[in-house]
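Participant: Turn this into a model:
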Amino acid sequence: MIVLPTHAPIDGFDVVDDVLQVGGIPLPRLVARAGGTPFYAYDRRLLTARVGLLRRHLPPGINLHYAMKANPMPALVGHMASLVDGIDVASGGELRVALDSGMSAREISFAGPGKSQAELRQAVASGVLLNVESSTELQLLRGIGHELGLTVRVAIRVNPDFELKSSGMRIGGGAKPFGIDAAAVPAILAEVRGPYLAFEGFHIYCGSQNLRAELICEVQQKSYQLALALAVGAPVPPRVLNLGGGFGIPYFPGEKPLDVALIGANLADLARRAASDLPGVKFTIELGRYLVGEAGVYVCRVVDRKTSRGQVFLVTDGGLHQHLAASGNFGQVLRKNYPVVIGNRVVGACRETASVVGPLCTPLDLLADRMELAEARPGDLVVVFQSGAYGLSASPVGFLGHPAPGELLV
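Facilitator: Here you go, the predicted structure:
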């Protein structure tokens, strides 16, 4: 276990002789395996353990889906496909990776506003479930089904009139580009009747990155009640009810891990009610960050050490162009530090307060701001934890023309 001042303990990675181990490999050796720095590394043992944790707490019969937007690295997606019940994608590119992973097309769902006609054709031809975002999209799907001679599997994505409070990002409730407003869903359901469209259920996703289990339970209860009311107007009884996710991980000082046992108990209660209210329906939980975020690290190397007016700066070969979220420029209102260590001297003989910055010509290129670290010199390795989700794929890699970092699954 790695204990950092103010941060939640990092209990997934071992430290041997003051050197961080990732996937059982000492960090300097992993750097050699990666061919140098910077790079991301994802520990498959931790990915497997996280799915196992959920299986222990979720009631039987709950479908666990991986939301691939969190991390679309093909090798990681392939590993997740062997552990979960389905994959959720948000583009044609993600759909290709999901299909290549070995996951059955019947267990892949496609959500997101503004799907192109080419993406819709691709999805229909593949036989995946489409979460419909508008009446226009529904009519396009009917036409594509007619053209290809295929029945299109559809679920209605609902924008509810409630939200998941205390979320890092609120996706449902109020005016949103996602889904169909709950009040308009009955009219959309009337359009699903007829040839080439097969209604399968509802998708209700309210928010992400939430650490308060009681609020997640509350929104799951509300989502269930909403689906129950909307099912009255459905052409056939729903077979699928996707309750979204929202499960968060602790990034910043003062945050604590999510109580998944409480959420599991709540879902067990909903499953008991659904046995009589919505017989045959299957609950789906759609998670990305919670499954992969804590299994990944970002590693870069100190290339310079300088002091400016008494403040120590460790200048690295990585930065915001490769890890935008850790720089604080991916949704943070007030910047806070991710957990960071000097990976080849986790505790170190001497400690200091230092800021870790990248090579870019902008003051936004900041990976750690005045943080207590082992005293570091050029050549030492900086490790940013909680980097398995929304890391490389969410970063402006082309900014200022630096090379892209590597990715390893170990």
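
Participant: looking at this protein, which helix or strand does the model trust least?
Facilitator: Least confident element among the helices and strands of the chain, by mean pLDDT, DSSP states H and E: strand 169-170 (a mean of 50).

Participant: tell me the domain boundaries of this structure?
Facilitator: 15-42+294-409, 111-287 (automatic domain parsing).

Participant: for the residue nearest to G388 when sequence neighbours are not counted, what are its contacts?
Facilitator: Excluding its sequence neighbours, the residue lying closest to G388 (CB to CB, 6 or more residues apart in numbering) is G296, at 2.6 Å. (C-beta placed from N, C-alpha, C; glycine too.) When contacts are counted by CB atoms under 8 Å, 6 or more residues apart in numbering, G296 touches 40-43, 71, 386-389, 391.

Participant: hang on, the earlier thing: which one, of the domains of the chain, ends up nearest to A98?
Facilitator: Among these, the nearest to A98 by CB to CB is domain 111-287 (8.2 Å).

Participant: What values do phi and psi take at the residue nearest to G388?
Facilitator: phi -120, psi 150 (degrees, to the nearest 10).

Participant: Tell me the helices and strands packed up against the helix or strand where A41 lies.
Facilitator: Per DSSP states H and E: A41 is located in strand 39-42. Counting contacts by 3 or more CB pairs under 8 Å, 6 or more residues apart in numbering; DSSP states H and E, strand 39-42 packs against helix 27-34, strand 296-308, strand 406-409.

Participant: C-terminal to it, what's the next element?
Facilitator: Counting by DSSP H and E, what follows strand 39-42 is helix 44-57.

Participant: Show me the strands in the stretch 251-400 of the chain, by range?
Facilitator: 282-287, 296-308, 311-316, 340-342, 351-357, 366-374, 381-384 (DSSP state E, counting those that start in this stretch).

Participant: Make TSV out of the ones you listed and add distance to P403.
Facilitator: As requested, the strands of the stretch 251-400 of the chain are exported to TSV (distance: least, CB to CB, whole Å):
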stretch	distance to P403
strand 282-287	32
strand 296-308	12
strand 311-316	14
strand 340-342	22
strand 351-357	18
strand 366-374	17
strand 381-384	17
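
Participant: how about these, which one is nearest L408?
Facilitator: The nearest among the strands of the stretch 251-400 of the chain, by CB to CB, is strand 296-308 at 9.6 Å.

Participant: partners of the closest one, with directions?
Facilitator: strand 39-42 (antiparallel), strand 311-316 (antiparallel), strand 381-384 (antiparallel) (DSSP bridges).

Participant: For it, buried residues please.
Facilitator: For strand 296-308, a neighbour-count test (16 or more other CB atoms under 10 Å) marks 296-302 as buried.

Participant: Farthest-apart pair in these, please.
Facilitator: Pairwise over the buried residues of strand 296-308, using CB to CB, the maximum falls at G296 and V302, 20.5 Å.
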